[in-house]
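>>> next one to model:
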Amino acid sequence: MKKISLVLLFVILGLMLVACGGGGTPAAEPAVQEEPAVVEEPVVEEPAEAVVEEPAEEVVEEPAAEEPVEEMAEADLDGAFSTFLGSMEAYNTIGIEALNEMIVEGNAPFLLDVREPSELEEKGWIEGAVNIPLRQVADNVAYLPSFDTPIVSYCGSGWRCTIALTALEAMGWENVLGLKGGSFGGWLEAGYPIAEGDIPALVELNAAEPDPAIVLAMQEMLHNVPDGFGGISNEDLNTEIGENPDLILVDVRTPGEVESKGYIDAPNVVFVPLEEMIAMKDQWPAMDAQIVTYCGSGHRSTIAMTILWSYGYTNVRSLKGGFGDWVTGGFPGVNVPEPEPATFDMDAAFNTFLADMEGYNTIGLEDLNLLLAEDPPPFVLDVREASELEENGHIEGAVNIPLREVADHIEWLPSFDTPIVSYCGSGWRCTIALVALEAMGWEDVRGLKGGSFGGWVEAGYPVAEGLAPEPMVLNAAEPDPAAVAAMQEMLHNVPDGFGGISVDDLFLAIGENPDLILIDVRTVAEVEEKGVIESENWLNIPLEEFVNMKDEWPAEMDAPIVVYCGSGHRSTIAMTILWSYGYTDVKSMKGGFAAWVEAGYPVAEFVAQ
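Numbers count the residues shown, from 1 in each chain. Presented below is the predicted three-dimensional model:
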């Protein structure tokens, strides 16, 4: 039985070996069975890698990148710029004060600073701004906000930010404004806050997906922005018009502007209003033409220049300051109307001032000292001569503009609604200054009383030694040029002594000059209660009604006049008003009626006529 079993066992084992495909020894069988399980890995993976990788690379590269972009680019530019030009409001500009208000109110837009980093390092930037230099704007769309987020672009002067806003609008951003008013330079001059130090790193947003074809077009355009950013001055353009007969000027103003204001006198002028620029492509010059665009001020023409650059024009510039500066600079124009004579409604200006007076627009020493501790303090204007500051010092923070020069330097003055306190040596000149400022449109100007700077020093309030710092250019207010001219004329002719006359000199003048006219500007109640200076030529014209009673003013503009009131302040206001209307021989009595009585000079009872 055992022999049969062994034979059967060997037969079975042999059959198994045949089935496995080998005839080796039994000891080798386990090894042969285990190896295929280990070797299976490369057998499965090598074909998979080869099949997946090679086709994927070929499919991604060819169809998507080049042919469709080239075919679509020009058509997309037409649509993009037509949308931009059709949706413009105020030519997509924003003023410095309006931007500051947005920031203060918590509605700050996305601020894009397109200056070079070196400019930020030297001068600072607006807090919260993102810095992407102009030529790199289209390279960094990942750092820009969503299409519907308001963006304000700014630069050094307002030129580059116009180029940037045009490119951004072309790429799809819907509400991009350029900061005007001198852009960052104007922001600095206006005294608005800035940030300094390390420039913040860019933060990737990936919030918008502009058309890649338009992005490529804007990259090409911005990378090739020339040195000087395409600006040309009046002087250089005038020279080129005379030297280059092939130069073409493109006037992008509206037909109404051209008709009413004229245009630049040049052989080749093309009229293509900015709003219709894409619709009028058939009237654009040839691609290789030498072109200068211009508008009213330089903003619209810079948009037009940028559009032409985007279509591949390589020799296009924009006139700095536009047609407005061209005309005022005296350069030749066609159909330019004669300038209308400046008019100024002086009656309305002074009536507004007189009606709005509170406390006759005076402020005391202590009140000013308290105001200086507030945030913000008032604008303090020192109208003394520089030599007086050198000798006696000044109130800390004051801006020094000598009285006769006040209307010559409105660029140093604040906005119309900013409180102003004017002071001088004794309180006389500052009253003349406040009248001139109110006439030009400033709404809250007060004169420092109590001896003005002399009283300030005697009261022991703090004084800064020497001259005041150089005034900062603010350009914060735009008074009527005719009003400014009238006040310049008046202030330039302020006489030595600033129009003051002592009670002693007035007493002598009354006796010696029968033609001398006295104008008492106190109220009727005051003259009835306190009496008047006796004179054959005496008039009562209360200051509050001074302009309304013009028909009672002396008829002769050179008539000798002395104005008086209770203390000398109101009469100095009235004297300044008469000067402004052209009266040439007007004085104000120092110390007023109170000083006259104190000196013992005769007083007459007022008798109503």
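>>> ok, residues contacting stretch 220-234?
Residues outside stretch 220-234 that contact it (C-beta atoms under 8 Å, 6 or more residues apart in numbering) are 134-138, 159-160, 163, 167, 240, 292, 298, 302, 305-306, 309-310, 314, 316-321, 325-326, 329, 331. No exception for glycine: its C-beta is placed from N, CA and C like everyone else's.
>>> where do the helices sit along the stretch 351-500 of the chain?
365-372, 386-392, 429-440, 452-458, 481-492 (DSSP state H, counting those that start in this stretch).
>>> hang on, the earlier thing: the contacts of stretch 220-234 in helices, which ones?
160, 163, 167, 240, 302, 305-306, 309-310, 325-326 (DSSP state H).
>>> straight-line length of stretch 462-470, end to end?
Start-to-end span of stretch 462-470 (C-alpha to C-alpha, to the nearest Å) is 20 Å.
>>> chain center to that stretch, what's the gap?
29 Å (C-alpha atoms, centre = their mean, to the nearest Å).
>>> going forward can the numbers begin at 703, since that is how I track them
In the new count, where the first residue is 703, that last one comes out as stretch 1164-1172.
>>> next, the buried residues of that stretch.
The neighbour-count check on stretch 1164-1172 (16 or more other C-beta atoms under 10 Å) flags Ala1170 as buried.
>>> what does that stretch contact?
Defining contact as C-beta under 8 Å, 6+ apart, one finds that stretch 1164-1172 is touched by 1084, 1088, 1091-1092, 1094-1098, 1100-1102, 1158-1159.
>>> swap in 6 Å and give it another go.
Applying C-beta atoms under 6 Å, 6 or more residues apart in numbering, the set of residues contacting stretch 1164-1172 from outside is 1091-1092, 1095-1096, 1098, 1100, 1102.
>>> which of those lies closest to Asp990?
Distance to Asp990, by C-beta to C-beta, is smallest for Asn1102 among these, at 55.9 Å.
>>> returning to that earlier point: pull out the buried members of the contacts of stretch 922-936.
Of the contacts of stretch 922-936, these count as buried by 16+ other C-beta under 10 Å: 836-837, 839-840, 861-862, 865, 869, 942, 994, 1000, 1004, 1007-1008, 1011-1012, 1018-1023, 1027-1028, 1033.
>>> what pLDDT is listed against the closest residue to Gly1157 other than its chain neighbours?
Leaving aside its sequence neighbours, Gly1157 sits nearest to Leu1067 (C-beta to C-beta, 6 or more residues apart in numbering; 5.6 Å). With respect to pLDDT, Leu1067 scores 97.
>>> residue contacts, Leu1067?
Here Leu1067 is in contact with 1152, 1157-1158, 1161 (criterion: C-beta under 6 Å, 6+ apart).
>>> if we can go back for a sec, which two from the contacts of stretch 1164-1172 end up farthest apart in space?
Among these, Glu1092 and Glu1098 lie farthest apart (C-beta to C-beta), at 15.9 Å.
>>> the nearest residue to Ser784 once chain neighbours are set aside: how many residues sit nearby?
Spatial nearest neighbour of Ser784, excluding adjacent residues (C-beta to C-beta, 6+ apart): Ile980 at 4.7 Å. Counted with other C-beta atoms under 10 Å, the neighbours of Ile980 add up to 21.
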